[in-house]
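K.L.:
I'd like to go over a predicted model; first the sequence, then the structure.
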Amino acid sequence: MKIGIVSDTHRLVRNMDKAIPYLENCDLIIHAGDNYSDARYIYGETGVNVMAVVGNCDFEDAEDELLFDFGGKKIFVCHGHRYDVKYGTKFLQTKAEREGADIVVFGHSHETFSEVINGTLYINPGSLSLPRGGSKRGFAILEIDGDNIKVKEVEI
């Protein structure tokens, strides 16, 4: 199973368009917020189901957290601002452990991050539009094959 992971697209369509050729080959796309409406655009361009949450720059009436099973893994998605992810993953780890998540997807910091902490994989794809902290403009592709999980960062 292949999951495209984007976040912090901030309505910059030209950058999303650069990611579309990669995303249209995925089984699922996750948008971790800022801007929620971009998830609809990505779905329209790819035809791939998009699971999305709202972020701190969103005003839509939609979920700010999702918890679902995919590829045999329990995935928790949030934007991250409610868990102070700009300052680390401590609060997010507490939530992930409470939910029994195998994989946590978040955004907000605009910085790429991929690390296994206490057996849980945490992924921040960075930003397709406004990278920070030395990160490049891009997104992530997550491949799940049973217990074999790979994260690939893609620069655009």
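P.N.:
Structure's in. What do you need? From a predicted model like this one, the values you see are computed outputs, not experimental measurements.

K.L.:
where do the strands sit along this structure?
P.N.:
Counting by DSSP state E, the chain has strands at residues 2-6, 28-31, 50-52, 65-70, 73-78, 103-105, 112-117, 120-125, 138-145, 148-155.

K.L.:
Throw these into JSON lines and include mean pLDDT, mean neighbour count and distance to D17, thanks.
P.N.:
C-betas here are computed from N, CA, C, even on glycine. Shown next, in JSON lines, are these (pLDDT from 0 to 100; neighbours: other C-beta atoms under 10 Å; distance: least, C-beta to C-beta, whole Å):
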{"stretch": "strand 2-6", "mean pLDDT": "98", "mean neighbour count": "26", "distance to D17": "12"}
{"stretch": "strand 28-31", "mean pLDDT": "98", "mean neighbour count": "26", "distance to D17": "14"}
{"stretch": "strand 50-52", "mean pLDDT": "98", "mean neighbour count": "22", "distance to D17": "15"}
{"stretch": "strand 65-70", "mean pLDDT": "98", "mean neighbour count": "14", "distance to D17": "25"}
{"stretch": "strand 73-78", "mean pLDDT": "98", "mean neighbour count": "22", "distance to D17": "23"}
{"stretch": "strand 103-105", "mean pLDDT": "98", "mean neighbour count": "26", "distance to D17": "22"}
{"stretch": "strand 112-117", "mean pLDDT": "97", "mean neighbour count": "16", "distance to D17": "20"}
{"stretch": "strand 120-125", "mean pLDDT": "98", "mean neighbour count": "24", "distance to D17": "17"}
{"stretch": "strand 138-145", "mean pLDDT": "97", "mean neighbour count": "20", "distance to D17": "13"}
{"stretch": "strand 148-155", "mean pLDDT": "96", "mean neighbour count": "14", "distance to D17": "14"}
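
K.L.:
which one of the ones you listed lies nearest to L12?
P.N.:
Of all the strands of the chain, strand 2-6 sits nearest to L12, with 11.5 Å by C-beta to C-beta.

K.L.:
can you show me the CA trace of the closest one as CSV?
P.N.:
Presented in CSV, the C-alpha positions along strand 2-6 are these (Å, rounded to 0.1, in the frame of the first residue of the first chain):
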residue,chain,number,x,y,z
LYS,A,2,1.3,3.4,-0.9
ILE,A,3,0.2,6.6,0.9
GLY,A,4,1.0,10.1,-0.3
ILE,A,5,1.4,12.6,2.6
VAL,A,6,1.2,16.3,2.1
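
K.L.:
okay then, goodbye and thanks.
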